[in-house]
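Engineer: just need the structure, nothing else, for what follows:
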Amino acid sequence: MTTTPQPAGHQAATAAAYPRTDRAVPARARERATYDRETVHAILDAGYVCHLGFVRDGAPVVLPTLYGRIGERLYVHGSTGSRPLRAAGRADDGMPVCLTVTHVDGLVLARSGFHHSINYRSVVVHGTARTVTDERERRTALDAIVDQVVPGRAADCRPADAKELAATAVLGLDLAEVSAKVRAGGPNDEPEDLPLPYWSGVVPVAPVYGALEPAEDLKPGVPVPDYLADFGRKRRA
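Structural biologist: Below is the predicted model of the structure:
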């Protein structure tokens, strides 16, 4: 996770858990839900792709995008010409959204089709996304998004120039209504199904990062930065 300082005026929460609001409490498998702040942050920091849901012209829309976390705020970015970012910029009160992050850790194969499942870690955030207008916070947020994908990369590439910054919109979403859900372990077979002659267990799932592929126009002699050495192992850790 990036160590970029928090934007001015943004205070980190100190409570150990997020409040259990109506929207944050899941309708199913409530025993798997947790509001522990450390757990939520760990799940968010382990990923970099989220799905951002909102309503556009009366219809639901869900977009996959990159995100970054700084303290108790998430940031997503996009083109200033995109509809959701334009909508958030026009609304004085921001734009209601639901943001989700999910990691699949295993395929759970039970003896019955009904009890097939997956092992996962997920976070759901409800709130109001607002356009970030302060230039310093925008630059900090964009660095955080880059570092969310490859920690250390923001300091090792050219930052956005004025033209690029003008073409980029940034939304901020505070972590206020948040819940995490985690499933781990094997299948929950019915006792009467245990004698059935079907294989039952878990197929572990983990991201795979391959060998680095230098750009075709990379100048000879440019070294591989330390943060990319053994990147796959570091990213999984």
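Engineer: ranges for the strands of the protein?
Structural biologist: For the chain, the strands identified by DSSP state E occupy 33-34, 49-56, 59-70, 73-79, 95-109, 117-131, 168-174, 177-183, 201-204, in order along the chain.
Engineer: convert the C-alpha atoms of the fifth one to PDB, please.
Structural biologist: Spelled out, it's strand 95-109. Backbone C-alpha positions of strand 95-109 (Å, rounded to 0.1, in the frame of the first residue of the first chain) are rendered in PDB as follows:
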ATOM      1  CA  MET A  95     -23.200  10.700  -6.600                       C
ATOM      2  CA  PRO A  96     -24.600   7.700  -4.600                       C
ATOM      3  CA  VAL A  97     -22.500   4.600  -5.400                       C
ATOM      4  CA  CYS A  98     -21.800   1.100  -4.300                       C
ATOM      5  CA  LEU A  99     -18.100  -0.100  -4.700                       C
ATOM      6  CA  THR A 100     -17.100  -3.700  -4.300                       C
ATOM      7  CA  VAL A 101     -13.800  -5.500  -4.200                       C
ATOM      8  CA  THR A 102     -13.600  -9.400  -4.400                       C
ATOM      9  CA  HIS A 103     -10.800 -11.900  -4.200                       C
ATOM     10  CA  VAL A 104     -11.500 -15.500  -5.200                       C
ATOM     11  CA  ASP A 105      -9.400 -17.900  -3.100                       C
ATOM     12  CA  GLY A 106     -10.800 -21.300  -3.900                       C
ATOM     13  CA  LEU A 107     -13.400 -23.300  -5.800                       C
ATOM     14  CA  VAL A 108     -15.400 -25.300  -3.200                       C
ATOM     15  CA  LEU A 109     -16.700 -28.600  -4.700                       C
END
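Engineer: buried set for it?
Structural biologist: 95, 97-99, 101-103, 105-106, 108-109 (16 or more other CB atoms under 10 Å). C-betas here are computed from N, CA, C, even on glycine.
Engineer: tally of neighbours for residue 168?
Structural biologist: 16 (other CB atoms under 10 Å).
Engineer: again with residue 153
Structural biologist: Residue crowding around residue 153 was assessed by other CB under 10 Å; the count is 16.
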